[in-house]
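*Asks:* here is a sequence together with a model predicted from it:
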Amino acid sequence: EKGVILPFLSLKGNGGVLTSENAKKVLFNAFSASKDLGHSYVGSEHLLLGILSNDGSFFVSELNKRGVYYKIIKKRIISISGVQSETRNENWENLELKCCVDVEKMTPKCKAIIIKAEAISHNRGCEKVEAEHLLMALLKEECVGLKLLCASGVDILELYRCIESMAEKGYFNRGGAPTP
């Protein structure tokens, strides 16, 4: 399971989870955020940062409307977990979008979110997990990322329904932006 190509995250032993380019960027940015904070793991809080780094997407604008911004969430993560400068570059040497990532760095909750996103994608008839599926799955998982959103005053059910409604209406194109 270690060192799996990004489009296929082998989490269930069934060949992996196929992700869109946008979802790959979210995952890459989650790993990058963890690395930048010097954390030795990738958790749901890093996944939330990866989602928030997806500038221009409808769901990020919806998060921003609710007062959730990358810099604010990052500060809250630092207040909870700190920045570990001694581990900043340890075992992260080969982190590049085109290369492999170590899924063993993901927490069980982060893996569960990705698996849940795959189920959401499948239930919607999508071929790949999209970035909005990752957000929808995070909103359904009891995790640090969800707690950060709740602490920001987000009505989780209302946000989920908003994202779900837009997805059902076909408002998302492959880039996660609304399509009229």
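*Replies:* Yes, it's here. Numbers count the residues shown, from 1 in each chain.

*Asks:* please report how far Val83 lies from Gly145.
*Replies:* Val83 sits 18 Å away from Gly145, going by CB to CB, to the nearest Å. Where C-beta positions appear, they are placed from N, C-alpha and C, glycine not excepted.

*Asks:* which residues in the protein form helices?
*Replies:* 21-36, 44-52, 58-65, 70-81, 108-123, 131-139, 144-151, 156-168 (DSSP state H).

*Asks:* just to revisit the earlier point, neighbour-wise, which of Val83 and Gly145 wins?
*Replies:* Between Val83 and Gly145, counting by other CB atoms under 10 Å, Gly145 is the more crowded of the two (26 against 13).

*Asks:* which residues does that one contact?
*Replies:* Contacts here follow CB atoms under 8 Å, 6 or more residues apart in numbering; on that basis Gly145 touches 43-45, 47-48, 113, 138.

*Asks:* can you tell me the closest non-neighbouring residue to it?
*Replies:* Ser44 (3.4 Å; CB to CB, 6 or more residues apart in numbering).

*Asks:* repeat that for Ile77.
*Replies:* Per CB to CB, 6+ apart, closest to Ile77 is Glu45, 5.0 Å.

*Asks:* quick check: that neighbour touching Ile73?
*Replies:* Yes. Assessed by CB atoms under 8 Å, Glu45 is found in contact with Ile73 at 7.5 Å.

*Asks:* comparing these two, which residue is more hemmed in?
*Replies:* Neighbours around Glu45 and Ile73, counted as other CB under 10 Å, are more numerous at Glu45. The numbers are 30 against 22.

*Asks:* lovely, talk soon.
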